[in-house]
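> fold the stuff below for me.
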Amino acid sequence: MFDMAPPLGGGAFSFLFNIVPLLVVIVFALAIGRLLMNGARYMQNATAPRQSVFAKVVAKRMDVRHYTHHHPAQDNVPVTHSSRTYYYITLEFDNGERKEFLDVKNLYGHVAEGDTGYAAIQGDWIVAFERSAGSRLE
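Numbering: from 1, shown residues only. Reported below is the predicted structural model:
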């Protein structure tokens with residue numbers, strides 16, 4: 001006779017209908033902000049003047065980042081995984097300062113810790129390294 005169920009849209013449902021769109025907007029804004037920051041960093045490095053400095057290679061490291069890709073619209077397509085490896089080379093300058101540079105020209109396999117020579121740096125990138133004769137410690 002009397003329906004005692006609460007009406008739809010009241011209580012928890014109205015809260016969810018208000019908060020979910022807000023969360024979607026926040027996530028979208030964060031993603032766009034990250035893209036803009038990465039683009040600005042790329043432009044800053046790409047337009048930075050190239051400098052040649054005498055330095056010693058003191059460290060090398062790799063940063064492997066793993067990504068998982070879901071395909072919710074395609075039930076028969078499995079989840080795919082991918083990864084990307086970033087290579088970094090740390091240089092020590094004549095004044096004792098050390099700085100890590102992103103290897104954008106595949107120099108990682110061509111230099112060894114202890115090598116000395118002239119490094120071409122551009123912003124946060126190392127773009128060339130010319131080893132001094134007899135610099136490798138073997």
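
> okay, buried residues for stretch 54-71 please.
55-57, 60 (16 or more other CB atoms under 10 Å). C-beta coordinates here come from the backbone N, C-alpha and C atoms, glycine included.

> closest one of the residues you listed to residue 99?
Of all these, the one with the least separation from residue 99 (CB to CB) is residue 55, at 8.9 Å.

> let me see the mean pLDDT of whichever strand or helix holds that closest one.
Secondary structure assigned from DSSP states H and E places residue 55 in strand 50-69. Mean per-residue pLDDT for strand 50-69: 95.

> that strand pairs with which strands?
Its sheet considered, strand 50-69 pairs with strand 80-93 (antiparallel), strand 116-122 (antiparallel) by DSSP bridges.

> show me how far it is from its chain's centre.
11 Å (CA atoms, centre = their mean, to the nearest Å).

> low-confidence regions, the protein specifically.
Applying pLDDT under 70 to the chain flags residues 1-12, 72-77, 135-138.

> okay, domains of it per the record?
7-47, 50-138 (automatic domain parsing).

> out of the ones you listed, which one sits most buried?
domain 50-138 (a mean of 13; mean count of other CB atoms under 10 Å).

> you'd agree residue 20 is in a helix?
Yes - secondary structure of residue 20 (DSSP: H, G, I helix; E, B strand; the rest coil): part of a helix.

> ok, so of the buried residues of stretch 54-71, who is nearest residue 106?
Closest to residue 106, out of all of the buried residues of stretch 54-71 and judged by CB to CB, is residue 60, at 12.7 Å.

> you'd agree the closest one is up against residue 111?
Yes - with contact defined as CB atoms under 8 Å, residue 60 reaches residue 111; the gap is 7.3 Å.

> mind listing the shared neighbours of these two?
Common neighbours of residue 60 and residue 111, counting by CB atoms under 8 Å, 6 or more residues apart in numbering, are residue 89.

> now residue 26, what are its backbone angles?
Per-residue torsions, residue 26: phi -60, psi -50 (degrees, to the nearest 10).
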